[in-house]
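>>> Quick one: sequence plus predicted model below, questions after.
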Amino acid sequence: MNIKRKIDAKNLQRELAENKVDALELIREALSNAKDHGATQIWIRTSNDQ
């Protein structure tokens, strides 16, 4: 089964910009999920571009 994710990048960017604490929580949750599923490597890419 192939799961396709639909992400509204503009809305996500606006939501994260409005509340920096939620942005950190998003990263923490992503790292936790990766660890729970046995990830051996994790990449996080950030950008200041819109």
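Looks like it came in fine.

>>> Who are the packing partners of the helix or strand containing Glu25?
For Glu25, the element it lies in under DSSP states H and E is helix 20-36. If you count contacts as 3 or more Cβ pairs under 8 Å, 6 or more residues apart in numbering; DSSP states H and E, helix 20-36 packs onto helix 9-18. The C-beta positions use only the backbone N, C-alpha and C, and glycine is treated the same way.

>>> The helix it packs on - what's its average pLDDT?
Average pLDDT, helix 9-18: 72.

>>> on contacts alone, who are the packing partners of that helix?
helix 20-36.

>>> Would you pull up how far the helix it packs on lies from the middle of the chain?
Helix 20-36 sits 7 Å away from the centroid of its parent chain (Cα atoms, centre = their mean, to the nearest Å).

>>> same question, stretch 33-50
Counting by Cα atoms, centre = their mean, stretch 33-50 comes out at 7 Å from the chain centroid.
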